[in-house]
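Student: just the structure for this:
(chains A and B)
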2 protein chains.
Amino acid sequence: MPSASASRRSQEKPREIMDAAEDYAKERYGISSMIQSQEKPDRVLALVKDLTIQKADEVVWVRARVHTSRAKGKQCFLVLRQQQFNVQALVAVGDHASKQMVKFAANINKESIVDVEGIVRKVNQKIGSCTQQDVELHVQKIYVISLAEPRLPLQLDDAVRPEVGEEEGRATVNQDTRLDNRVIDLRTSTSQAIFRLQSGICYLFRETLNNKGFVEIQTPKIISAASEGGANVFTVSYFKNNAYLAQSPQLYKQMCICADFDKVYCIGPVFRAEDSNTHRHLTEFVGLDIEMAFNYHYHEVLEEIADTLVQIFKGLQERYQTEIQTVNKQFPCEPFKFLEPTLRLEYCEALAMLREAGVEMGDEEDLSTPNEKLLGRLVKEKYDTDFYILDKYPLAVRPFYTMPDPRNPKQSNSYDMFMRGEEILSGAQRIHDPQLLTERALHHGIDLEKIKAYIDSFRFGAPPHAGGGIGLERVTMLFLGLHNVRQTSMFPRDPKRLTP
Amino acid sequence: MPSASASRRSQEKPREIMDAAEDYAKERYGISSMIQSQEKPDRVLALVKDLTIQKADEVVWVRARVHTSRAKGKQCFLVLRQQQFNVQALVAVGDHASKQMVKFAANINKESIVDVEGIVRKVNQKIGSCTQQDVELHVQKIYVISLAEPRLPLQLDDAVRPEVGEEEGRATVNQDTRLDNRVIDLRTSTSQAIFRLQSGICYLFRETLNNKGFVEIQTPKIISAASEGGANVFTVSYFKNNAYLAQSPQLYKQMCICADFDKVYCIGPVFRAEDSNTHRHLTEFVGLDIEMAFNYHYHEVLEEIADTLVQIFKGLQERYQTEIQTVNKQFPCEPFKFLEPTLRLEYCEALAMLREAGVEMGDEEDLSTPNEKLLGRLVKEKYDTDFYILDKYPLAVRPFYTMPDPRNPKQSNSYDMFMRGEEILSGAQRIHDPQLLTERALHHGIDLEKIKAYIDSFRFGAPPHAGGGIGLERVTMLFLGLHNVRQTSMFPRDPKRLTP
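Tutor: You can find the predicted model right below:
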């Protein structure tokens, strides 16, 4: 199907080669005209990962990127890449390839996409630099399907190099260059693995909750009033009025509980207009949200959430070991440890541990980020787990809708969950009684008029319920032991970055 | 666990009753104190749907809403409801219940949530008004867990009444009342069925695409520039600058294709600042988006998308028959019909059919909504299908990034899909060549500076690709034969509605 005649859009260099006379291979290579769905050829394209000894001596067609090319006398070695997989290909002067064809192949810009016909050949010595180590492809035809520009803004090999260790001193790629050129940065084996594993987190979250009888809901992101008082909320021009972007789906999850959906979850964007420029804050992130009616105690919900996270961890370790290993090559890290059942500590126990380690903290003081991390280390030493629940937070540090602990007015029925010493989930039993909710809102100085709709949701019979919200990027980052949430957001948004 | 002493928050009427002296049953009923997770009782709560003859003569605890209550001499009949299921309960003066207890039960406000202990008894005559027709519950204890206010803004029985037919003339509930009081409206069997089925659409979409090797991605909703020129886009205040809400995830899906993810999908909110007040437009809806690299022809993608929709239709008809029947009781409708493989018509064939039916239309004119519907009827008559593809739209009516048809400069490699004569998906082969993309943008008068990042995405090797976006609310509406997209959006957003 591809024709050897250079298209209007081809670059000059290959065209010159093709124009050369007396080239007996001239139909066997070139730049194809743009694929505009002109034809439906029968040709089957093989996958690079399927090129193994089982296919030895077969002729196959492959579409892949030119990862590298290296001319060596009358031969040209290409590494052809397809996602995380690559194979060596050889163009050698002979029956199928002319000198001009070898030169053409050697000059194809890196990252161009090519269609290659070749014979799969067993090699005597394993090719250590490729994933397909036992075979190489002896090229008979090669056509460029999409030509990359000659200068890449970053080199893929640099982008997967570990930043410390034996390769110290060699080029790496800084974060802004990566993010500015995300289309290329996402092609690395590390990025491919991170985001395939992230897609696995969503899959396992839903699979687990579907098995537990939860219903998936869709909640609106444009809302008429800021539910938690108006701080850190983005304003939207909505026809002739203003509206806001939802800081969480919480009100809507709770309305679904009041509407008898009983157990609900959603996965969607969450917006925080917070000018925090840290390794773990984004202005837009993906929330995995759960809300559930319970019978008598919010621990019924706490246990379901913790079990859901445990099922995710297990599923990742069972089904995504290749991806974990791939990321570890660039970012070495201890395997993630967790207990069954999940360790649950009360806030006062954590305070005692921190005080024993020399930290001075008041009983009703929230955990600072350094204290969170220190506590994570103390818990790891004592209990050998990277995942635990901190229960019974001081009422003073939680939002107005948090249910107070009836046994201790300074405590609340609320909890956070931590991975490797960083918070990934915040949740609580919510107040389901409109009168108590009103009292608590007044205590927090919240304008009742602005939350009237919220409070009214509970006036027509509301079951006791609890829930929580998980940050997808944080879970991905901390499970893999990475150090910046921008590595686990495909197109991160922070106060300084809105592109690409 | 619940105590019969009236809580601080109880209403006056039950308190009076309870204060009455010489009530031998006074511990057996009342208003419980608020559930604040004080205790973890061993009590197991049975589900209403499990109350069948198999449980006859067992004592069970049930938590449910009071759907109706009716006193009749020394007895009170309650209908207890749990989601789509309900059962009759009887409180009768005798060993377990006093006169006061019967009166208490009869006076519980509708929609209150109660914990009931009772004996499951087989009934001689089927109870036609309940889903559990063969048993009733003989109440021994009844405690109010959450008391509803006495006046409901709408009656659930009115809200499920068919608007025409034999019940004509009886009360129904208009749409604004429903939406203003969505927490109650969502409790109806019809709403429960609609949104459980909608959650099934998302599940089937993902299940099918996961089986086809697709990867789920998360794309940002806050973007720095309006991708299609700036019309109909919401503006967001982003710290000291302006940003926009994404009108579709298309640019990001395409970037993922350029980044070698090969086959991607996402489910997320899509925002359109369009002042359209119709039965099928929302300003925020849920997009089911697909993008896929193909080998030689965009029909490879077209077939995958059509098959995904067919798998959804089949899955719904197999797994959600109860929900379909429930919705049909209120909104009668013919079962949804589709062919395998999906019918594909070219735009020019559709034009010919419309012209034969007397419509005057130019070759490069887009379909109006009435013509879409007429075409749907003509196709149904001729081919007996409610689902079909219209392929090869005129280039003039499609966005600048649509791949022109190389065989006919007035046509394009683009398609829409229709259910019951209404568009549910729009898609195309996209231009993957930066030079052609630039030419087409200029032809459309688009400022190249604003789409530079978009065009640059294709400069480093881009595979041919195609995709499309499906509106979740429309698919739900049209599959069920409903007539307004606000029925299939839990919390709809339109130019005039931002609440609840």
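Student: so who does residue A:411 touch?
Tutor: Contacts here follow Cβ atoms under 8 Å, 6 or more residues apart in numbering or on different chains; on that basis residue A:411 touches A:347, A:392-395, A:404-405. Just so you know, the C-beta spots here come from the backbone N, C-alpha and C atoms, and that holds for glycine as well.
Student: so which of the residues you listed are in strands?
Tutor: In strands, defined here by DSSP state E, the members of the contacts of residue A:411 are A:404-405.
Student: which of the contacts of residue A:411 tops the neighbour count?
Tutor: Neighbour counts for those (other Cβ atoms under 10 Å in any protein chain shown) peak at residue A:393, which has 24 neighbours.
Student: touching, that residue and residue A:413? I think so.
Tutor: No - contact between residue A:393 and residue A:413 fails when scored by Cβ atoms under 8 Å: they sit 9.1 Å apart.
Student: ok, back up a step: and the contacts of residue A:411, which two are furthest apart?
Tutor: Within the contacts of residue A:411, two members stand farthest from each other by Cβ to Cβ: A:347 and A:404, at 14.0 Å.
Student: can you give me the neighbour number for the nearest residue in space to residue A:118 that is not next to it in sequence?
Tutor: For residue A:118, the nearest residue in space outside its immediate sequence neighbours is residue A:137; the separation is 3.8 Å by Cβ to Cβ, 6 or more residues apart in numbering or on different chains. Residue neighbour count, defined by other Cβ under 10 Å, stands at 27 for residue A:137.
Student: with residue A:366 instead?
Tutor: Should you count by other Cβ under 10 Å, residue A:366 turns out to have 15 residues around it.
Student: mind pulling up the pLDDT for it?
Tutor: Per-residue pLDDT puts residue A:366 at 95.
Student: now the closest residue to it other than its chain neighbours, what are its backbone angles?
Tutor: When the adjacent residues along the chain are set aside, residue A:366 lies closest to residue A:397, with 4.2 Å between them (Cβ to Cβ, 6+ apart). As for residue A:397, its main-chain torsions (degrees, to the nearest 10) stand at phi -100, psi 10.
Student: return the residues in contact with residue A:397.
Tutor: Residue A:397 neighbours (Cβ under 8 Å, 6+ apart): A:364-366.
Student: could I get these as JSON lines with distance to residue A:235?
Tutor: Compiled in JSON lines, the contacts of residue A:397 are given as follows (distance: Cβ to Cβ, whole Å):
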{"residue": "A:364", "distance to residue A:235": "33"}
{"residue": "A:365", "distance to residue A:235": "32"}
{"residue": "A:366", "distance to residue A:235": "28"}
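Student: could I get these as TSV with distance to residue B:231 and secondary structure?
Tutor: Putting those into TSV (distance: Cβ to Cβ, whole Å; DSSP: H, G, I helix; E, B strand; the rest coil) gives the following:
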residue	distance to residue B:231	secondary structure
A:364	52	coil
A:365	51	coil
A:366	46	coil
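Student: looking at those residues, spot the one nearest chain B.
Tutor: Within the contacts of residue A:397, the smallest distance to chain B is 19.4 Å, found for residue A:364 (Cβ to the nearest Cβ).
Student: tell me if stretch A:339-354 is near chain B.
Tutor: No - Stretch A:339-354 lies apart from chain B when judged by Cβ under 8 Å from any Cβ of the partner chain; the minimum separation is 13.6 Å.
Student: return the distance of that stretch from the chain's centre.
Tutor: Counting by Cα atoms, centre = their mean, to the nearest Å, stretch A:339-354 is centred 29 Å from the centre of its parent chain.
Student: buried sites along that stretch?
Tutor: A:342-345, A:347, A:350-351, A:353-354 (16 or more other Cβ atoms under 10 Å in any protein chain shown).
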